[in-house]
Every structure is written in C-alpha cells, then in structure tokens.
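A.B. asks: Everything below, folded, please.
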Amino acid sequence: MGGLALAVAGASPSLAAERLNLRLGPFEQSIAVSDLEKFAKTGEIPSTLQLYSALLTPDFRRALNSRLQLDPNLGTQIMEDLLKSPSGRQVLDSIRQAAPGLSVETLQAGFWLAARQANGLDAIGVLKAIPQDSVTVDVTQAVGIASQLNFSYWKTQGIRSLLERSLDPGSSTFRASFDPSIAGAQQVEEDSLLFIDEKRNRRLPVDFYWSAANPQAPLVVITPGFEANRKFLAYLARHLASHGLTVAAIEHPFLARAGSLSALNPDRLIPASEFIDRPKDIQFLLDRFAELNQQPGALQGKLNTQQVTVIGHSLGGYEALALAGAELRFDELREYCRTSGLLDRVPADWLQCAATERPENRLSLRDPRVAQAIALNPAIGQIFGKSGLKSVATPTLILTSTDDTLAPAFSQQLQPFLQLPTPKYLLTAIGTTHLSVSDPGNFSGAVAQGTLVKERKGEEMEPLRRLLQGVSLAFIKQATPEAKTYQPFLSPGYARSLSKPDLPLRLNTELPTNLTRWLSLAAMF
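C.D. replies: Okay, here's the model as predicted:
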C-alpha cells in the first residue's frame, strides 16, 4: 500500500470539510463550503461572500471549475505519482501557504479521496474531501495561487510516470555497428551571410555549416524559437555537417510588440504577421540558396533546395510543420482565445493567441521543397485547430519534454501528435524542460536566464543532446539511399540505450491505447 493510501486509511470517511474560515487581512468569516460551490456553479455571489466580491473574478471561478480528469483505471497510480513528484510537492507547499492549518498528510488524503470519489479533481472536490470539519484559508494567498495554475502542465505531470512506463520498450540490449550520435569523420566548415528581403524589410542572418562531402541528401534548415538566435542548436548543426550534410541555421528579426515573454505581457507578445512572415523567411532564403548553389564558391552544389529538412524549436517547430503542410486554423484559434481564461492558457498559447488578428480563417503555407519536419518542443497546441495537422505531407519527428512549463507536453505535443499522419516519431524526454536541448555554449535570452522558469540544461542534459544528434541524423537519412542503414536508430531500443536513471528517454511511432484514451478524455476538461 502506497504512502497516500496509508494517509487515507487514517482518515475518517465520515469527516469532511463543510465550512471555510476565510481570512482577509484583519477580517475572518466562517462560510459553508456549499456557498463557494454555488458561486463556482452559477457565478452568483452569495451574501456570505459579498465581502470578497472583488476577488471572486471570472478567472478565479474558472480555477474552481477547472478539472483534472483521471481515467478510473489509472487515477490511483497517477495521483500517487503526481503528489510524490517535485512539482506535486511544490503544489502542496503552495496550498499550505494559503491554508497553514493543513498538514501535508491531510492534503494528500484530500486529493486521494477526491480522485477516488469523482474520477477526477477540481478545487471544490478536494476541499470537500479534506478529512476535518473546517479549513481556514487566507483568501489573498489562495487567489494568488489559483492565478498561477497551469492546468495543461499539471495534466502532463499527472501522466509523467505513465509515459515513462508505457513507452518503455523493455530491457533488451540495443546493438549496432556504429552510433550516429558520435561526430562524423568530415571536417566542418562554417561561414555567415546576411540576406535582406527588401520587399518585406527583413534582415536574415544565416550561419552555414558544411564539409567537403557532396551528399545526395536534403539541405537542413534550423530555425529557432521566440527570443532565440541562430546559435541555439549550433552543436546539432556541427554534428550533422560532420556527417556530410549541409546546414543553414537562420535567425528571424526580433519584433516583440508589447515587451517580451520575460515581461509577462501575454496579450500581444509578437505581431500577428510573424506567423506568416517567419515561414516566408524560410521560403525567401530557399530561393536565395538556390541561386547561391549555382554560383562559384564553397557552397556551390551543396545546397539541395529541392529536398529540405526543417528543424525548428518552439515557435520554430510551428514553422517546420506549417511548411510541411499543416493547415493554419485562425477561426478555431480565435474561438479558443476568446473563450479561454488565464488558467486555460500556457505561455505557448499566449504566443499563438497573438495570431488572432490575422484576417484569414484557414491558410496553408505548404512548401513542396520541404521533405521532412523535425519539431522540438513545438508551440502548436491551438494554431492548427483540431485537425489541421492531418494535412502534414511529410514525415515528422516531434520532441516533447515532460517538465516543460512554457509549451507543456499535454496540449502542445502529445495531443497534436495524435493528429499527425504516418510516418511520424515521438521523442519523449522525461524530466526535461523547454530549453534542455539548447546549445550549452550559446544559452541566452530572458527565458534562458531563468527569469520565468528553472530550466534543466548544461552537462546533465548531454544524453538528450546525444540522442537528438543520433535520431535527427537517422531521420534525415531516411530521405537518402542510406535509409535502411540508419533505420535501426529510429527505434525505442536506441533511445533507451542512451537513457540515464534520472533522464529516461523514449522514442515511439505511436502512443499506447491507455495513453491515447487518457489524452482524449482529459482534453474534454
């Protein structure tokens, strides 16, 4: 029996919180839990809560009603795993700041009982399941905590251990005659050029990486995310070039309209035009690269612009998938951004909601020159709607990180992955964050400096970077005559061979039935 079960065993089933002692500065008032429940259900403020009316905002009501749905067959294990995790303990500590009279054990019992009674969790359900007759709550603290909740992130945390177990291929030993994550034999050359699109007034710096080899392989274009530069994945560019590929790492103009992500102004982070301009930057550069490929020089004959692999991180992942054929659904995005509240959104949604001013309802940016797409921690939860990703016309590789609070796995990668047509691959990194794949020598930007979240980066993420190097190379090689040689490295066993106990790594082509069922169920709440 787990620790949570033991906590519940000591709680009287007949004892449950029926009254709240609300403390607001020097004032304290006792109310029935049913009064708070009435406000949550109807939006009407009972007379007993009039003192707190200024704090009972629509967002706070949404917090009370937001629900973490649990599969009845998995809920017990998910709840135990969640509350034992560092993130779960952080939640319990935050709640205890608002309700200092509650012990950790009492809170655990409340969560456990609420999950068992209703096959899911919401704030009222947990409150009513607390095994004592009344609870004292500091109202100001409680509202502050509620406003910081990120339900998509917690849905991911709820299945973190389930992902690790369900996607595990077992203990079989992976054997191969070589390892594509190790640097190749080619000497890498580097150079930088500046391209200017005068019609759109866009300055586009590009770093090129190549070798003496002349491969019959796609040109690789690397595009960074919001507030990142062209050095973000420099280690990956050098690795691919050492194996004979030509890589162009591009940088978009930075056009923050209302501050930046670090300023926490979620309304208009970037102009809506950026969602069109960034993919068009790549299309413009491919046109220029085609001209450069014909000109005498070091890059002559090395820029295969008719067969391109786009690798994008975060917002760059959106670009890769848009160019691969995913249909932009601005009409669905506008509806989501209009009806969702603060607690329904994550920072990746803030970026996407900036696109709602676009006049189009549906739009395709498909470029037939793009033959493959690799999207790392992509911010794609809303902009392609419920089925826009079904239009993707290329093989895809998606990276998801379970501890990503900026683009949480649940809404931004796992649910979108279900839409994608085959062939597709999902690389899951357990315990990693949004920027874990970044180049350790080029880690910059406000988010990277930790002003918003604590990122796992540096030496401890070396196994993930190695796996990304090996899997990316193997994926790109599928468009070459060497496809069969590299196919074994697109397997669960290869990912597991590079895993560490504190950094489990998984690679799959589909999600198990129990996970797809949970994702579909949780998406409704």
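A.B. asks: List the contacts of the residue of the chain most remote from its centre.
C.D. replies: Going by CA atoms, centre = their mean, the residue of the chain most distant from its centre is Pro296, 42.7 Å out. By CB atoms under 8 Å, 6 or more residues apart in numbering, Pro296 lies in contact with nothing. The way it works is simple: take the backbone N, C-alpha and C, and place the C-beta from them, glycine included.
A.B. asks: How confident was the prediction at it?
C.D. replies: Turning to Pro296, the model gives it a pLDDT of 94.
A.B. asks: Could you do Asp71 as well?
C.D. replies: pLDDT at Asp71 comes out at 55.
A.B. asks: swap in Ser444?
C.D. replies: If you check Ser444, the pLDDT there is 56.
A.B. asks: what's the spacing between stretch 214-222 and its chain's center?
C.D. replies: Its chain's C-alpha centre and that of stretch 214-222 lie 27 Å apart, by CA atoms, centre = their mean, to the nearest Å.
A.B. asks: Also stretch 99-106?
C.D. replies: Between the centre of stretch 99-106 and the centre of its chain there are 32 Å (CA atoms, centre = their mean).
A.B. asks: What's the end-to-end length of it?
C.D. replies: End-to-end span of stretch 99-106 (CA to CA, to the nearest Å): 11 Å.
A.B. asks: buried residues in it?
C.D. replies: In terms of neighbour count (16 or more other CB atoms under 10 Å), stretch 99-106 has its buried residues at 99, 102, 105-106.
A.B. asks: ranges for the strands of the stretch 151-300 of the chain?
C.D. replies: Applying DSSP state E, counting those that start in this stretch to the stretch 151-300 of the chain gives strands spanning 189-197, 202-210, 219-223, 247-250.
A.B. asks: Spell out which strands sit alongside the third one in the sheet and which way each one runs.
C.D. replies: The reference is to strand 219-223. Under the criterion DSSP bridges, strand 219-223 sits next to strand 247-250 (parallel), strand 308-313 (parallel) in its sheet.
A.B. asks: Using PDB, list the CA coordinates for the shortest one.
C.D. replies: As requested, the backbone C-alpha atoms of strand 247-250 are provided in PDB (Å, rounded to 0.1, in the frame of the first residue of the first chain):
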ATOM      1  CA  VAL A 247      23.100  23.000 -42.600                       C
ATOM      2  CA  ALA A 248      21.800  26.600 -42.700                       C
ATOM      3  CA  ALA A 249      20.900  28.000 -39.200                       C
ATOM      4  CA  ILE A 250      18.800  31.000 -39.700                       C
END
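A.B. asks: Does Ile311 touch Leu245 like I think?
C.D. replies: No. Applying CB atoms under 8 Å, one finds Ile311 not in contact with Leu245, separated by 11.1 Å.
A.B. asks: The buried residues of stretch 99-106: which two are farthest apart?
C.D. replies: Ala99 and Glu105 (13.5 Å; CB to CB).
A.B. asks: end-to-end on stretch 116-125?
C.D. replies: 11 Å.
A.B. asks: pretty sure Trp350 contacts Leu269?
C.D. replies: Yes. Here Trp350 lies in contact with Leu269, judged by CB under 8 Å, at a distance of 5.8 Å.
A.B. asks: overlap in contacts of Ile311 and Leu245?
C.D. replies: Common neighbours of Ile311 and Leu245 (criterion: CB under 8 Å, 6+ apart): Val220.
A.B. asks: residue ranges of the helices in the stretch 1-150 of the chain, please?
C.D. replies: 3-9, 33-42, 58-65, 75-84, 86-98, 104-118, 123-129, 139-147 (DSSP state H, counting those that start in this stretch).
A.B. asks: rank these by mean pLDDT and give me the bottom one.
C.D. replies: Among those, helix 3-9 scores lowest, at a mean of 42.
A.B. asks: pLDDT score for Asp344?
C.D. replies: Looking at Asp344, its pLDDT is 66.
A.B. asks: can you pull out the helices in the stretch 401-525 of the chain?
C.D. replies: 409, 415-419, 462-477, 483-486, 492-497, 513-522.
A.B. asks: do you know which of the ones you listed lies nearest Lys231?
C.D. replies: Of all these, it is helix 462-477 that lies closest to Lys231, at 14.4 Å by CB to CB.
A.B. asks: what sits up against the closest one?
C.D. replies: Helix 462-477 is contacted from outside by 179-181, 217-218, 220, 235-236, 239-240, 243, 245, 309, 311, 372, 374, 376, 395, 397, 399, 425, 427, 429, 432, 436-437, 483, 485-487, 489-490, 494-495, 498-500, 503, 505, 507, using CB under 8 Å, 6+ apart.
A.B. asks: now the top helix by length along the chain: how far from the chain's centre is it?
C.D. replies: If you go by DSSP state H, the chain has its longest helix at helix 274-294. Relative to its parent chain, helix 274-294 has a centroid offset of 27 Å by CA atoms, centre = their mean.
A.B. asks: residues of it that come out buried?
C.D. replies: For helix 274-294, the neighbour count (16+ other CB under 10 Å) marks 274-282, 284-286, 288-289, 292-293 as buried.
A.B. asks: Kindly indicate which of those lies nearest Tyr209.
C.D. replies: Tyr209 lies nearest to Phe289 out of the buried residues of helix 274-294, by CB to CB, at 13.5 Å.
A.B. asks: pretty sure the closest one contacts Leu303?
C.D. replies: Yes. Phe289 lies in contact with Leu303 (CB under 8 Å); the separation is 4.5 Å.
A.B. asks: Just the element for Pro359, please.
C.D. replies: Using DSSP states H and E, Pro359 sits within no helix or strand.
A.B. asks: what about it, distance to Ile276?
C.D. replies: Distance, Pro359 to Ile276, using CB to CB, to the nearest Å: 11 Å.
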